[in-house]
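Visitor: Predicted coordinates and the sequence they were generated for:
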Amino acid sequence: MAEKRQIVVPGETIVSGNEFLPGDGAYRDGEEVVANRYGIANIFEKHVRVVPVSGAYYPKRGNTIIGTIVDITFNGWLIDFGGAQNAFLPVAEVPRYVNKNEMAEFLNFGETVIVKVWDVKSRGVDVSMKMRGYGKIEGGMIVSVGSNQVPRIIGREGSMVRMIKDATGCDVTVGQNGKVWISGKDTDMEVAAKKIVEFIGCNVLVAGLTENVEKMIKEMGLKTDDVEVVSEDTDK
């Protein structure tokens, strides 16, 4: 079944039929699947969910987030990622042994990191950077977008990000908290990637977004590979 989108409000029926499965932002009422928040309703392969078009970021286990070191404790670092509380990175969750007297040498105040959420508690968020692809950011630029815009920037199975990478040659890492790190060998290409990311963020509700992004890339004198790109609002 093809993907469908529509703006819905709480209490509005999105679709009727027992074959549809309600996901985030939706619930079943008899045979109807109803929205419980304002946002974009997605119907894809019988799965129905509503992605908010605004609001704060709420971390989930498995999310990738990008944040800044704001404090160093006796056993880890506190990271500001734009949430209600700071995230905590324990010394045990970094890829190598760090002496507690040398913690500031490994990660210091004001440095930016890419981390993965591994636990969400009432008192805060615990994160890790043990895995490949996570760690301190060096060079490049950070672009801030709304966390609700992140799914469109990522695209289904990372397809939209892949198109940006192919067009600019830059590495693009998207944090679910609305921070995007762009790193390339050429500053001009970093700026081009930034413009594309910001364009997507400003047009999340526009129909035919993928085609518009491809058009923009061509108008910038860049090339897109023959890759199927279908962006989707998903918590990937």
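Guide: Nice, thanks for sending it over. Numbering: from 1, shown residues only.
Visitor: contacts and neighbour counts: CA atoms only from here.
Guide: Noted.
Visitor: per-domain residue ranges of the chain.
Guide: 4-52, 64-136, 141-219 (automatic domain parsing).
Visitor: Kindly report which one of those carries the lowest mean pLDDT.
Guide: Per-segment mean pLDDT for the domains of the chain reaches its minimum on domain 4-52, at a mean of 84.
Visitor: which residues touch stretch 122-129?
Guide: Stretch 122-129 has contacts (C-alpha atoms under 8 Å, 6 or more residues apart in numbering) with 59, 85-90, 93-95, 114-120, 135.
Visitor: which parts of that stretch are buried?
Guide: Buried residues in stretch 122-129, counting neighbours by 16 or more other C-alpha atoms under 10 Å, are found at 125-129.
Visitor: in its sheet, what does the helix or strand that contains residue 120 sit against?
Guide: Element membership of residue 120 [criterion: DSSP states H and E] is strand 112-121. Using DSSP bridges, strand 112-121 pairs in its sheet with strand 64-72 (antiparallel), strand 124-128 (antiparallel), strand 135-136 (antiparallel).
Visitor: Using CSV, write down the CA coordinates of that strand.
Guide: Extracted as CSV, the C-alpha positions of strand 112-121 are listed here (Å, rounded to 0.1, in the frame of the first residue of the first chain):
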residue,chain,number,x,y,z
THR,A,112,30.2,18.3,21.2
VAL,A,113,29.6,14.6,21.1
ILE,A,114,27.5,12.0,19.3
VAL,A,115,26.0,9.5,21.7
LYS,A,116,23.4,6.7,21.8
VAL,A,117,20.6,6.6,24.4
TRP,A,118,20.7,3.2,26.2
ASP,A,119,18.3,4.0,29.1
VAL,A,120,15.6,6.6,29.9
LYS,A,121,14.8,7.0,33.6
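Visitor: Show me how far that strand is from its chain's centre.
Guide: Centroid displacement of strand 112-121 relative to its chain, using C-alpha atoms, centre = their mean, to the nearest Å, is 13 Å.
Visitor: Residues touching that strand, excluding its own?
Guide: Against strand 112-121 from outside (C-alpha under 8 Å, 6+ apart): 59-69, 125-129, 134-137, 175.
Visitor: who wins for proximity to residue 192 among the strands paired with strand 112-121?
Guide: Of all the strands paired with strand 112-121, strand 64-72 sits nearest to residue 192, with 20.9 Å by C-alpha to C-alpha.
Visitor: which residues are in contact with that closest one?
Guide: 77-82, 103-104, 107-117, 174-177, 179-180.
Visitor: Who are the packing partners of the helix or strand following it?
Guide: Next along the chain after strand 64-72, taking DSSP H and E as the criterion, comes strand 76-80. The contact analysis (3 or more C-alpha pairs under 8 Å, 6 or more residues apart in numbering; DSSP states H and E) places strand 76-80 against strand 64-72, strand 87-90.
Visitor: Among those strands, single out whichever gets nearest to residue 157.
Guide: When the helices and strands packed on strand 76-80 are compared (using C-alpha to C-alpha), the closest one is strand 64-72, at 14.7 Å.
Visitor: and that closest one with strand 76-80, angle?
Guide: Inter-element angle recorded for strand 64-72 and strand 76-80: 120 degrees (by axes from the mean of the first three to the mean of the last three C-alpha atoms, to 10 degrees).
Visitor: picking that back up, would JSON lines of the helices and strands packed on strand 76-80 with distance to residue 30 be doable?
Guide: JSON lines is the format used below for the helices and strands packed on strand 76-80 (distance: least, C-alpha to C-alpha, whole Å):
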{"stretch": "strand 64-72", "distance to residue 30": "36"}
{"stretch": "strand 87-90", "distance to residue 30": "40"}
